[in-house]
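Trainee: Next one to model:
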Amino acid sequence: MIAVLDPLLSEATSFTTYNSGIDRHGKGFAYNVHHLPDGTPNPEMVDLAVSERRAGAGVVHSAGLSLQTLRPGGIPGASVRGLP
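Mentor: Residues are numbered from 1 along each chain as shown. Below is the predicted model:
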């Protein structure tokens, strides 16, 4: 996975995120940096997530998993559209 993501991330540029606080995800917690201050999804964060999922899809499938496996419980408000 590192070999697949390294080229992608080495070309990525920084972008501004906003900490919208802590959200509960199943049994755990995470900082919500997915949204802009107005509550809409951060398009740069969405683009990065789409690129990462597309790049990692082959690795995930070759391991006998599915992309759905990577979403235990899902992340409210963090859905990524346009993926296979």
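Trainee: so how far is A55 from the spatially most central residue of the chain?
Mentor: Most central in the chain under Cα atoms, centre = their mean is A49, positioned 3.7 Å from the mean C-alpha point. From A49 across to A55, the span is 11 Å (Cβ to Cβ, to the nearest Å). For every residue, glycine as well, the C-beta is placed using N, CA and C.
Trainee: Ok, E11 next?
Mentor: 11 Å.
Trainee: those strands in this structure, which residues are they?
Mentor: For the chain, the strands defined by DSSP state E cover 22-25, 28-31.
Trainee: Now mean pLDDT, distance to T40 and mean neighbour count too, for those, in a markdown table please.
Mentor: Below are these laid out as a markdown table (pLDDT from 0 to 100; distance: least, Cβ to Cβ, whole Å; neighbours: other Cβ atoms under 10 Å):
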| stretch | mean pLDDT | distance to T40 | mean neighbour count |
| --- | --- | --- | --- |
| strand 22-25 | 84 | 16 | 12 |
| strand 28-31 | 86 | 18 | 10 |
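Trainee: Can you tell me which of these is nearest to D6?
Mentor: For those, proximity to D6 was assessed by Cβ to Cβ; strand 28-31 is nearest, at 23.7 Å.
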